[in-house]
Structures are given as structure tokens and as C-alpha cells.
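Colleague: From the sequence below, what's the structure:
(2 chains)
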Amino acid sequence: MMRRISPNHDRLQSLSGTWRDINGMPSLMSIPGDEQTAAHLGIADLSFLTRFGVKGAGAAAWLESRDLEVPDRPNTWRSLPDGGIIARLGLTEFLIEDSLHSSFALRLAEACQHVPDRVYPVLRQDAAIVLCGTAIPDLLQQTCSVHFQSFSLNDHPVILTLIVGVSVTIIPIAPDRYRIWCDGTFGAYLWETLATIVQELGGGVVGADRLI
Amino acid sequence: MKLMTCPVNGARSISEFVCAGEVRPIPDPNTTNDLAWGAFVFHCNGAAGIKQEWWCHTPSDTWFIAERNTQTDEILRTYLWGEVA
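Modeller: Okay, here's the model as predicted:
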């Protein structure tokens, strides 16, 4: 399997914890004492999950022809069988991210070698972050201008906005769990800035084991 | 905080948007002459008033048109290209 390195790897490797290779990427799975941290405010790196992007006027129909149920409204998401996510970004773009137990992204990437007209694969080399804990609103109020409490989680909203000036895709999975994706080249900056504020708010880095 | 409404993403801080200038018909580059092409590229209408402008919501790369009073900076409405103006 191809060796992958998280965009956040440099910021994480000095932390003492349990590491494991997942999908070819060294991943921080647990840190001593991170259970308490996760309940208050935690930040974890999930870049090791596999993902796939596709856009174009024919993208929705192509995904449906691959037995995927796509969200019917712009900027919404739904769960994949076995726990992954399919998010509709705007009108005609989709992000598919696998869980540890699914392989949609890999299968779609293979199928994408021969796609019909108006279907365009999108390279996804994201920094993927998850925030957890009850103090998430305190963090987001400092870093983002979106009023997240105005969204109903039952609508499965996907929010494309800026956090500390970086373009991000955000999915509030639950009131105490937010997923964030950004272009990998901005990953280290976004991670460092968020992790610094998380620490100021009494939280810290947590391992991925608690959140997947 | 000044807000603008993206037709796809909803109301967001104006800092998430960039303006790409007034909507103007582009001359056919295959048939136009240099004078007309130069006028299209370099001569913009700077008079204040109500204008249709190209704007982009940068986090989602959504391009749309905003009708804006450039004298008062009031955004009158926003819509996607192809929607009824």
C-alpha cells in the first residue's frame, strides 16, 4: 500500500501516545488521559481515512449508478452503509469519505478511470480534523463567523466557510462532534491555530480511537 | 459584520466573498477586432449606480451575480447565472 503522511503529522509526532498505521498512514490513536480531554474539548486528526471527490453535472447520476444514495439537497450529507459519509458540496460536487470498515472511496477511484461526460474526479488530499466536547462553540466563536447553533442537525447540514481564514468544509455530526476538512496544504496552519486555542480553552489533542 | 447572501450557501460574512467586476457581454474573440477587445479588457464603467456584478463565495467556489448599488454599497439581491435576472 502507498505510504501516506498526514498534513498534520509534524504537529503530532512529538506527542507521546499510541500510533498505528491505518490506510498506509501513521496515525495517533490514543494519548494517556485523553478521555477527560475529549469530553471537554478535543481535537484529533482523521486524515488517515480514505476519501474521494467528484464534481460535474453528471456526478450525482454517476454516483447513483454505482449504488450510492446521494444527498438530494445542496450542502447536506448522509451516512454511507458501514459508517462513512457522502456530502453534497454545493450543487454538483460530492465528497465521499470511508469509515474504517468501508471502501467506497477506493472503489470509486478505480471506477473513475473511465467516467462518462460531465463527471470530473477531484483529488482529495485533505487535512481531516474532528473536534469533540462540550466546549466546541467556544472554539468556533473565536475562529469562524458562522452561527452554528442556527442549524438543525436533523437537516444534516454541510457548511462551507472560513475558519481562521482557511476554506473549510464542516459537518456538525452531533452537538459535541464536528468534522472539518481543508486542503492539505493549509492543514498544518489550521491544526496549529486550532490546537493552540483548544489548549487555551482547557482542552487538548486526543487520539483518533475515541472518535472513530 | 456585513453579510452577503450566497444563492447556494446562504448568508455569510462579506469576508468570504470576492468581487470580480461588472457583468458585461464578452465580444466573440474569434470575430472581434483588437480595438473592441482592448475596450472590453481595459475600459470598465466606473460610474456609481446599480450594477450586476460577478461575485464568488471563495470557500465553496460558488460564482453568482449580485445586484449592488455601488454608491451606497447596498446589496439588492443575489442569484445564480442562468436564473431569472
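Colleague: need the helices for chain B, in chain order.
Modeller: For chain B, applying DSSP state H gives helices covering B:34-42.
Colleague: Give me every residue in chain A lying close to chain B.
Modeller: A:74-75, A:89-91, A:145-146, A:159-162, A:167-169 (Cβ under 8 Å from any Cβ of the partner chain). Glycine gets a C-beta too; all of them are placed from N, C-alpha and C.
Colleague: Tabulate those in TSV, adding columns for secondary structure, pLDDT and neighbour count.
Modeller: Output for those, formatted as TSV (DSSP: H, G, I helix; E, B strand; the rest coil; pLDDT from 0 to 100; neighbours: other Cβ atoms under 10 Å in any protein chain shown):
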residue	secondary structure	pLDDT	neighbour count
A:74	coil	96	17
A:75	coil	97	22
A:89	strand	97	26
A:90	coil	94	18
A:91	coil	94	17
A:145	coil	95	16
A:146	coil	96	21
A:159	strand	98	21
A:160	strand	98	26
A:161	strand	98	21
A:162	strand	97	19
A:167	strand	97	19
A:168	strand	98	24
A:169	strand	98	21
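Colleague: hmm, which two among these are most spread apart?
Modeller: Greatest spatial distance in the residues of chain A next to chain B: A:91 and A:145, 22.9 Å, computed using Cβ to Cβ.
Colleague: residues from chain B in reach of chain A?
Modeller: B:1, B:8-9, B:12-13, B:15-16, B:57-62.
Colleague: And the furthest pair within those?
Modeller: The widest separation within the residues of chain B next to chain A (Cβ to Cβ) is 22.0 Å, between B:1 and B:61.
Colleague: higher neighbour count, those two?
Modeller: residue B:61 (13 against 7; other Cβ atoms under 10 Å in any protein chain shown).
Colleague: now the more buried one, nearest residue through space, not along the chain?
Modeller: residue A:90 (7.9 Å; Cβ to Cβ, 6 or more residues apart in numbering or on different chains).
Colleague: for residue A:47, same thing?
Modeller: Residue A:47's closest residue in space is residue A:6 (Cβ to Cβ, 6+ apart), at 4.0 Å.
Colleague: What of residue B:59?
Modeller: Using Cβ to Cβ, 6+ apart, the nearest residue to residue B:59 is residue A:167, at 4.0 Å.
Colleague: Next up, phi/psi of the residue nearest to residue A:47, please.
Modeller: phi -70, psi 140 (degrees, to the nearest 10).
Colleague: And for residue B:46?
Modeller: According to degrees, to the nearest 10, residue B:46 has phi -90, psi 0.
Colleague: Please report how far it lies from residue B:70.
Modeller: 9 Å (Cβ to Cβ, to the nearest Å).
Colleague: Which positions within the lengthiest helix in chain A qualify as buried?
Modeller: Counting residues, the longest helix found in chain A (DSSP H) is helix A:187-200. By 16 or more other Cβ atoms under 10 Å in any protein chain shown, the buried positions in helix A:187-200 come out as A:187-191, A:193-195, A:197-198.
Colleague: Out of the residues of chain B next to chain A, which end up buried?
Modeller: B:8-9, B:12, B:16, B:57-60, B:62.
Colleague: Of those residues, which belong to strands?
Modeller: B:12, B:57, B:62 (DSSP state E).
Colleague: pLDDT and distance to residue A:126 for these - can I get that in CSV?
Modeller: Listed next are those as CSV, based on pLDDT from 0 to 100; distance: Cβ to Cβ, whole Å:
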residue, pLDDT, distance to residue A:126
B:12, 96, 21
B:57, 98, 19
B:62, 96, 19
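Colleague: in chain A, which spans are helices?
Modeller: According to DSSP H, the helices that chain A contains are A:9-12, A:34-40, A:59-65, A:104-111, A:136-143, A:187-200.
Colleague: Make CSV out of the ones you listed and add distance to residue B:42 and mean pLDDT.
Modeller: What follows is the helices of chain A, written out as CSV (distance: least, Cβ to Cβ, whole Å; pLDDT from 0 to 100):
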stretch, distance to residue B:42, mean pLDDT
helix A:9-12, 46, 94
helix A:34-40, 57, 94
helix A:59-65, 38, 96
helix A:104-111, 45, 93
helix A:136-143, 40, 97
helix A:187-200, 37, 97
